[in-house]
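# Structural data only, the sequence is not supplied:
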């Protein structure tokens with residue numbers, strides 16, 4: 001990790017992401033164009049995630065191995081990827097489901113995407129982009145990161161108190177997927193992969209990432225309350241009957 005290839009990828013990916021956000025905000029000014037951009041990056045993320053199956057199939061004479069995280073939502077980014085796709089395909093971007101998915105993808109998905117690029121444990125085990133499995137993993141995190149960021153910079157979601165509800169709902173989904181995956185493996189006599197890293201983690205933290213997620217949620221709650229201070233008192237969430245504001 002953090003060899004020349006990795007550092008260059010981080011810098012180039014970051015620069016391209018920033019440039020695309022600026023260009024998209026400049027040229028995509030109507031809802032139809034914004035929806036197309038969001039859909040494209042959500043779909044291409046899924047395509048990249050599974051693209052190694054086609055590459056392996058045609059380069060090995062018809063043999064291809066499916067990874068466990070291509071069958072089940074084992075890692076956080078697997079769940080974020082599908083949430084982003086579902087959100088992008090919803091026609092009504094004002095409905096509550098989209099807001100929950102969109103806000104969670106922006107707030108937590110952006111963090112997951114960044115970690116998936118900067119602290120990619122697959123790249124740490126095989127530190128070369130010449131391996132297509134590693135390359136497609138990095139690329140899919142980059143496209144997912146753009147999609148998650150674009151939810152905010154494209155004007156689909158905003159910073160508000162309801163973000164806290166969206167994050168709690170999303171983290172609950174993480175826990176559900178992790179428990180379900182582990183139980184499914186154990187039921188069939190297989191070693192559980194520790195879905196969602198509920199018990200361990202690849203980053204040598206002293207506690208599971210879900211504990212860190214709860215800490216981040218608390219910090220988020222504090223930040224949003226501080227954010228509300230720049231509003232007039234009557235516009236703050238605790239002054240309104242509608243919790244979504």
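It's in. Fair warning: this is a prediction, and the values are worked out from it, not measured in the lab. Residues are numbered from 1 along each chain as shown.

# For burial, what's the neighbour tally of the residue lying closest to residue 20 once chain neighbours are set aside?
Counting by CB to CB, 6 or more residues apart in numbering, residue 146 is the residue found nearest to residue 20 once chain neighbours are left out, at 6.1 Å. Just so you know, the C-beta spots here come from the backbone N, C-alpha and C atoms, and that holds for glycine as well. Other residues near residue 146 number 26, with proximity taken as other CB atoms under 10 Å.

# Would you mind giving me the confidence score for residue 146?
For residue 146, the model assigns a pLDDT of 98.

# got it, and residue 226?
At residue 226, the model reports a pLDDT of 75.

# And residue 36, by the same measure?
Note on residue 36: pLDDT of 97.

# Contact partners for it?
Taking CB atoms under 8 Å, 6 or more residues apart in numbering, we find residue 36 in contact with residue 28.

# For this protein, which segments are assigned as helices?
4-27, 31-59, 76-89, 96-104, 110-118, 121-125, 132-153, 162-187, 209-227 (DSSP state H).

# For those helices, give me TSV that also has distance to residue 70.
Converted to TSV, those look like this (distance: least, CB to CB, whole Å):
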stretch	distance to residue 70
helix 4-27	22
helix 31-59	6
helix 76-89	8
helix 96-104	21
helix 110-118	15
helix 121-125	13
helix 132-153	11
helix 162-187	13
helix 209-227	21
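
# Flag whichever of the ones you listed has the least confidence on average.
Comparing mean pLDDT over these, the weakest stretch is helix 209-227, at a mean of 74.

# who does that helix touch, helix- and strand-wise?
helix 162-187 (3 or more CB pairs under 8 Å, 6 or more residues apart in numbering; DSSP states H and E).

# ok, now how distant is the nearest residue to residue 51 once chain neighbours are set aside from residue 171?
Nearest residue to residue 51, sequence neighbours excluded (CB to CB, 6+ apart): residue 136, at 5.2 Å. From residue 136 across to residue 171, the span is 27 Å (CB to CB, to the nearest Å).

# and if you look at residue 96?
Residue 96 sits 17 Å away from residue 171, going by CB to CB.

# Give me the more crowded residue out of these two.
The neighbour count for residue 96 versus residue 171, taken as other CB under 10 Å, is higher for residue 171 (19 against 12).

# That one is in contact with residue 212, isn't it?
No - the pair residue 171 / residue 212 is not scored as a contact, 10.9 Å apart, by CB atoms under 8 Å.

# re earlier: and the residue nearest to residue 51, what does it touch?
By CB under 8 Å, 6+ apart, residue 136 lies in contact with 48, 49, 51, 52, 55.

# and the second one, how many neighbours does it have?
Counted with other CB under 10 Å, the neighbours of residue 49 add up to 23.

# So it sits against residue 80, correct?
No - using CB under 8 Å, residue 49 is not in contact with residue 80, being 11.2 Å away.

# Could you tell me how far the residue most central in space within the chain is located from residue 101?
Note on the chain: the residue nearest the mean C-alpha position is residue 109, at 2.9 Å, using CA atoms, centre = their mean. Look at residue 109 and residue 101: by CB to CB, they are 10 Å apart.

# Mutual contacts of the two, please.
Going by CB under 8 Å, 6+ apart, residues that sit against residue 109 and also against residue 101 are 83, 84.

# picking up where we left off before, weed out the non-buried ones from the contacts of residue 136.
Buried by 16 or more other CB atoms under 10 Å: 48, 49, 51, 52, out of the contacts of residue 136.

# Could you double-check that the last one sits in contact with residue 133?
Yes - using CB under 8 Å, residue 52 is in contact with residue 133, at 5.2 Å.

# Tell me which residues touch residue 21, please.
Residue 21 touches 146, 149, 150, 153, counting by CB under 8 Å, 6+ apart.

# make it 6 Å
Neighbour list for residue 21: residue 153 [criterion: CB atoms under 6 Å, 6 or more residues apart in numbering].
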